[in-house]
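> Fold the following for me, if possible:
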Amino acid sequence: MTNLGAARQVIERVRGAGVRDFCVCGGSRNAPLIAVVTGNVYTFVDERAAAFFALGRIKRDDRPVAVVTTSGTAAAELLPATIEAYYSGAPLILITADRPARFRGTGAPQAIEQVGIFGVYAETDVDRWKRRSPLHINIEFDEPLIDE
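Numbers count the residues shown, from 1 in each chain. Okay, here's the model as predicted:
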C-alpha cells in the first residue's frame, strides 16, 4: 500500500468514529496525512497547543477531535493533553506519523519509540476503542513520503 493510501485509510477511519475537526502540526513525515485531510483543519506550530485546543473542541462539541503530528518528539508534546483527556473521559485522537520500524534504536533523527508512548493514557486498538478516552494511531511512512 502507498503512503497516501494508508493515510486515506486512517483519516477515513477516524471520520467514521465521528471526527470532523483536525488539528494539524505540519512536518515532513506527516506529509501524506496532511495531503489527504480535509474538512475543518486547524493548523498549529506547537503540538501542545494543538492538543489542548482539540481538547477544548471535544468538550465544547461533545465529539472526537484528531491531532496530527510528525514523528519524534512532536508526539511526546501531546502527553500533557492526553493525560487531561484520559482523566476527563475525552475522545482525543492522536495520529502520529513515524519513521519505519527499522529506524528505531539506530539513532536516526526523529526516530524515538512512539509505539506505546502514551502508556495507560491512550488506547491503541481502534476496534476496541470506546470513545471515552484518548486513542493513539501511530502510522509509519517510508520514503518517498508522497508516493502516488
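> ok, and the helix or strand in this structure with the lowest average confidence?
helix 73-76 (a mean of 95; mean pLDDT, DSSP states H and E).
> Give me the nearest residue to I117, chain neighbours excluded.
Distances taken as C-beta to C-beta, 6 or more residues apart in numbering place A75 nearest to I117, at 5.8 Å, with adjacent residues excluded. Heads up, the C-betas are built off the backbone N, CA and C, glycines and all.
> quick one: contacts for the one you found?
Residues in contact with A75 (C-beta atoms under 8 Å, 6 or more residues apart in numbering) are 47, 69, 94, 96, 98, 112, 114, 117, 138.
> so how far is N30 from the fifth one?
What it means is D98. 9 Å (C-beta to C-beta, to the nearest Å).
> Equivalent analysis for the last one, please.
Distance, N138 to N30, using C-beta to C-beta: 11 Å.
> who touches both of those two?
With C-beta under 8 Å, 6+ apart, N138 and N30 have common neighbours T96.
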